[in-house]
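> Take this sequence and fold it.
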Amino acid sequence: MRNLTINDITLCTALAAEQLSFREKVQAARLLGKMHVSQISLPEMKNHKADALLARTVASVITDTVLCARIKTDGSDAEQVYASIAAAKHKKLAVALPASQAQLEFFCHIKPAAVQETVQKSISAARALCDSVEFIAEDALRGDYTILTSCIATAIEAGATTVTICDPEGYALPAEMVAFIEKLYADVPALKDVTLGLHCSNACKLAPATVLESLSAGVGQIDLCCAGDQAPNVATVLAILAQRSEKLGVHTDVLYTEAKTCAAAAAALFDKKAGGKAAAVLQNEGESLALDANADKHTVLAAVAKLGYSLSSEDALRVYEEFGQIAASKPIGTRELDTIVAAVAMQVPATYKLVNYVINSGNTFSSSAHVTVEKSGKVLQAISLGDGPIDAAFKALEQIVGHHYELDDFQIHAVTEGREAVGSALVKLRSEGTLHAGQGVSTDIIGASIRAYLDAINKIVYEEGRA
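Here you go, the predicted model:
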């Protein structure tokens, strides 16, 4: 049987861009890695700082899964993009171009006469850095067939190892797709020497049948996703493959038993009302973990590694320092440790660092907050009154930063049970129309809220280059 590559494009979907925070995208990638999907595709790097940070973070938390990142059509950012996924064990670079003459000129500003040169240049730039390169022919079925075949032939000659054709509207019937693929194989003989991929939208609800039927025509890679209609649902297709893969003549490395649970947890990330499911899956290993304040750095980081994290030396130090503060008041289990890592590791460089805070609050006087932070070695502090201790603390931070951000959302909840439970806070700030989410964790919910607010501010400062 042929090996079938499952390429998950969940992180590339518009739904992910709109609904998932930075941390949730990393969670989704971890879940996909636990399913052993063959490949995870990353979104196009439009905001290089933010998107490159996501790529580096995902590269650090997945192991055996191929990480695919897309470069510009002219290959000009190939080195930058490759550097962002360099930590991944298995890497792939992708180049996408429409096969439509109108889209080439309108969106890519490329004349049809220059398209082959563009493909050759971009694929060559990618292949010089990476042994695995994918050429994606967008809108292949509705585009110019001559442009399509010439682009595919040029891409293969330049070193592409995978060629993916796209039906972004999901319009083709299964039989039509099979006939189209068979014609491509006949007209581009070199196609038999590479992996043929298929991306098919599920807008018309035909995608699962179309991609499965296309396997008989020679397709070796299919795009799936956990939510939305941009591709067939991964749970649906994997359920079919679990029963009929032998009949279809293909084999995958996906762990079907775990796939159902992990796919449901990844999908739950898009449903804020079902937010607890993903955490439950991520925490289903190592429940017997129990660390106290006497645990040394090696022991703590070994436990972190068992959770599936691969941290840089800086992140490891931050995790251990945070562990020490929380472990001083209560034992640390798996859920607490996972929350600590999510809160303090794999984040942007901290422009503002919390030093300390003093809160005064009661029912007979206004709450006040005295907050001290550090920026570039300089100590900054502010005192503010507010409608409650958290409002006072947030206003003090605004004074320090010198800017008011719209508070779009604020949530607090207990991560663990008991009187000394670890609390988690989520803060979403809006800056120039963009939401930035920050998370904080502490046994003190006010401290968690301050850390979450600072986390969001640091992301804004980093992404807008105002440090």
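> use CA for all of it now, contacts and neighbours both
Will do.
> mind giving me the domain ranges of this protein?
2-278, 286-344, 353-464 (automatic domain parsing).
> got JSON lines for those domains, with mean pLDDT and mean neighbour count too?
Formatted as JSON lines, the domains of the chain follow (pLDDT from 0 to 100; neighbours: other Cα atoms under 10 Å):
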{"stretch": "domain 2-278", "mean pLDDT": "90", "mean neighbour count": "20"}
{"stretch": "domain 286-344", "mean pLDDT": "78", "mean neighbour count": "17"}
{"stretch": "domain 353-464", "mean pLDDT": "84", "mean neighbour count": "18"}
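> list the helices and strands the helix ranked longest in the chain packs on?
For the chain, the longest helix by residue count, based on DSSP state H, is helix 445-464. Other helices and strands packing on helix 445-464, by 3 or more Cα pairs under 8 Å, 6 or more residues apart in numbering; DSSP states H and E, are helix 48-61, strand 353-360, helix 389-401, strand 423-431, strand 434-442.
> Columns distance to Ile136 on top of these, output as TSV?
Below are the helices and strands packed on helix 445-464 laid out as TSV (distance: least, Cα to Cα, whole Å):
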stretch	distance to Ile136
helix 48-61	20
strand 353-360	43
helix 389-401	44
strand 423-431	34
strand 434-442	29
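> Compare the ones you listed and give me the one nearest Val119.
Within those, the stretch nearest Val119 is helix 48-61; the backing value is 22.3 Å (Cα to Cα).
> And the closest one, what does it pack against?
Packed against helix 48-61 by the contact rule (3+ Cα pairs under 8 Å, 6+ apart) you find helix 22-35, helix 78-84, helix 445-464.
> So what touches the longest one?
Applying Cα atoms under 8 Å, 6 or more residues apart in numbering, the contact partners of helix 445-464 are 49-50, 348-354, 389-390, 393-394, 397, 412, 423-429, 431, 436-442, 467.
> picking up where we left off before, could you tell me the angle between the longest helix of the chain and strand 434-442?
Taking axes from the mean of the first three to the mean of the last three Cα atoms, to 10 degrees, one finds helix 445-464 and strand 434-442 inclined to each other by 140 degrees.
> gap between helix 445-464 and the chain center?
Relative to its chain's centre, helix 445-464 lies at 20 Å (Cα atoms, centre = their mean, to the nearest Å).
> swap in stretch 175-185?
The answer for stretch 175-185 is 33 Å, by Cα atoms, centre = their mean.
> Could the C-alpha coordinates of it be exported in CSV?
This file holds the C-alpha atoms of stretch 175-185, laid out as CSV (Å, rounded to 0.1, in the frame of the first residue of the first chain):
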residue,chain,number,x,y,z
ALA,A,175,-15.4,11.8,-11.0
GLU,A,176,-14.4,15.2,-12.5
MET,A,177,-11.4,15.5,-10.1
VAL,A,178,-10.2,12.0,-11.0
ALA,A,179,-10.4,12.7,-14.7
PHE,A,180,-8.5,16.0,-14.2
ILE,A,181,-5.7,14.3,-12.3
GLU,A,182,-5.4,11.5,-14.9
LYS,A,183,-5.1,14.2,-17.6
LEU,A,184,-2.4,16.0,-15.6
TYR,A,185,-0.4,12.8,-15.2
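> For that stretch, give me every contacting residue.
If you take Cα under 8 Å, 6+ apart as the criterion, stretch 175-185 is touched by Leu141, Thr149, Leu191, Lys192, Thr210, Glu213, Ser214, Ser216, Ala217, Gly218.
> Quick check: phi and psi at the closest residue to the fourth one other than its chain neighbours.
I take that to be Lys192. Nearest in space to Lys192, with sequence neighbours left out and distances taken as Cα to Cα, 6 or more residues apart in numbering, is Tyr185 at 6.8 Å. Torsion angles at Tyr185 (phi, psi; degrees, to the nearest 10) stand at phi -60, psi -40.
> roughly how far apart are Tyr185 and Thr195?
As judged by Cα to Cα, to the nearest Å, Tyr185 and Thr195 stand 12 Å apart.
> Would you work out how far apart the start and end of stretch 84-101 are?
With Cα to Cα as the measure, stretch 84-101 spans 32 Å from end to end.
> All set, thanks.
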